[in-house]
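Engineer: the sequence and its predicted three-dimensional model are supplied below.
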Amino acid sequence: MEHRSTSGLRYGERRQEAGGVALSFNSQGGNATQLLGILAIVGSCLAWALDNLTTQRLSERDPFSLMATKCMLVGPLGLALALASGHAPPARAGLIAAIAIGVFAWAGSMVCFALAMRHLGAAKVGSLLALSPFAGAIGSIVGLAERPTLAIGVAGLLMAIGAFCLARGHLAQLDGRDRRRLERLVRYMSRPPICTERLELLEDGRVYYGFKSAW
């Protein structure tokens, strides 16, 4: 069961990646996006992966405090980089709108992101969030009246398959032998002085430390 579950997760991740590649091509012009743009996307993905791993290690802390600290650092840094690159300071109305969007959209999503990290882990959350490019493409069609393309349709199909495989792999339960082994390990780790808090083994194989996920 564990092998089949892992294979399903990997298959789902590959479908997500293929969907992202499909979105990166311009089907109307028939040419791939520029190399510099692709390299910039790869760099941002690497930075995002590092951010995910760091957030996952801190996800047991209060998500509101974690994201408040993160926003206080990211906001001024982003503004400083924009000014250093030659952009004009934003007008007051634009600044207020940007702050409102940051508080209610970005910060709120980051709190949910930290909670998801706590319960699912960095790998699964990052893979499921790979649906965001497709969601952005759909939003551009609905909100900006852009024309749908074949690439968007192919990407949507691949990402839907990937999301289904990831969800199915996460919900797969352990077989009897592996579960008994994990139960023995949890009982051993629960003994003082190794651990003074309650450990609980859930149906999907996750272990909870007190009321927080341990691993």
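Structural biologist: Cool, the structure landed.
Engineer: show me the domain layout of the chain.
Structural biologist: Domain assignment for the chain, taken from automatic domain parsing, gives 1-59+121-172, 63-120, 175-215.
Engineer: so for the shortest one, mean pLDDT?
Structural biologist: Rounded to a whole number, the mean pLDDT of domain 175-215 is 51.
Engineer: what do you get for stretch 54-74?
Structural biologist: On average, stretch 54-74 scores 73.
Engineer: how long is that stretch end to end?
Structural biologist: 15 Å (CA to CA, to the nearest Å).
Engineer: what's in contact with stretch 84-98?
Structural biologist: residue 83 (CB atoms under 8 Å, 6 or more residues apart in numbering). Glycine gets a C-beta too; all of them are placed from N, C-alpha and C.
Engineer: using CSV, write out every CA atom in it.
Structural biologist: Taking Å, rounded to 0.1, in the frame of the first residue of the first chain, the C-alpha atoms of stretch 84-98 are listed here in CSV:
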residue,chain,number,x,y,z
ALA,A,84,16.0,50.5,-6.1
SER,A,85,15.0,49.2,-9.6
GLY,A,86,13.8,52.6,-10.6
HIS,A,87,10.1,52.4,-10.1
ALA,A,88,8.3,55.5,-8.9
PRO,A,89,6.7,55.4,-5.4
PRO,A,90,3.1,54.4,-5.4
ALA,A,91,0.3,57.0,-5.1
ARG,A,92,-1.6,57.1,-1.9
ALA,A,93,-4.7,55.4,-3.3
GLY,A,94,-2.6,52.6,-4.9
LEU,A,95,-0.7,52.1,-1.7
ILE,A,96,-3.9,51.8,0.4
ALA,A,97,-5.3,49.3,-2.2
ALA,A,98,-2.1,47.3,-2.1
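Engineer: coming back round to it: just give me the lowest mean pLDDT stretch among the domains of the chain.
Structural biologist: The bottom spot among these, by mean pLDDT, belongs to domain 175-215, with a mean of 51.
Engineer: name the nearest residue to residue 148, ignoring sequence neighbours.
Structural biologist: residue 141 (5.4 Å; CB to CB, 6 or more residues apart in numbering).
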